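Undergrad: Sequence first, predicted coordinates after that:
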Amino acid sequence: MGKYVMLLNILDQIRAEAASTKFTSRYVALTTDPEQINHERSRAFIHLYLKVTFGLLDFAEREHFITDGSNDGGVDGYYISTEERLIYFLQSKFRTTESNFATKQLSLDELLAMDVTRILEGHERGREREQI
């Protein structure tokens, strides 16, 4: 079994964890639509990072730190370490093919899409939403 297939299996296990929570609809859509499944795996990928990096074992606790969606300032998740006195901003790109997973790097443009300065200044809407 290849590394990418193992990753997909782990992400699908995380999606299955959602079945026993109030977040079922975000992770366990009753569909075979590859785009929807990849969206769910993308969110599960952030869960995996939070679980492994910060030791957050509880699904609902991890979900609290995921901001992925519209009007998120380009930040897909965050974590506040009170012990280290650090705020971690997460930008995640789930690669939907094995070749992209192995070769495609996160670009500087993708990282710069995070509007951290505006978030830290307390803005509640993105630039494009304020102009409306």
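TA: Nice, I can see it.
Undergrad: Below-threshold pLDDT in the chain: ranges please.
TA: Per-residue confidence of the chain (counting by pLDDT under 70) places the weak regions at 29-30, 70-72, 111-113, 125-132.
Undergrad: Please point out which parts of the helix ranked longest in it sit buried.
TA: Of all segments of type helix in the chain, defined using DSSP state H, the longest is helix 34-54. Across helix 34-54, burial judged by 16 or more other CB atoms under 10 Å covers 37, 39-51. Just so you know, the C-beta spots here come from the backbone N, C-alpha and C atoms, and that holds for glycine as well.
Undergrad: again with stretch 23-33
TA: The neighbour-count criterion (16+ other CB under 10 Å) identifies 23, 26-28 as the buried residues of stretch 23-33.
Undergrad: Now distance to residue 1 and secondary structure too, for the residues you listed, in JSON lines please.
TA: Rendered in JSON lines, the data for the buried residues of stretch 23-33 read as follows (distance: CB to CB, whole Å; DSSP: H, G, I helix; E, B strand; the rest coil):
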{"residue": "23", "distance to residue 1": "28", "secondary structure": "coil"}
{"residue": "26", "distance to residue 1": "27", "secondary structure": "helix"}
{"residue": "27", "distance to residue 1": "23", "secondary structure": "helix"}
{"residue": "28", "distance to residue 1": "23", "secondary structure": "coil"}
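Undergrad: Show me which of the residues you listed is closest to residue 117.
TA: Of all the buried residues of stretch 23-33, residue 26 has the smallest distance to residue 117: 28.6 Å, by CB to CB.
Undergrad: I'd say that closest one and residue 40 touch.
TA: Yes - taking contacts as CB atoms under 8 Å, residue 26 lies within contact range of residue 40: 7.1 Å.
Undergrad: quick one: the helices in this protein?
TA: Listed in chain order, the helices found in the chain under DSSP H are 3-17, 24-27, 34-54, 59-64, 98-103, 108-112, 116-120, 127-130.
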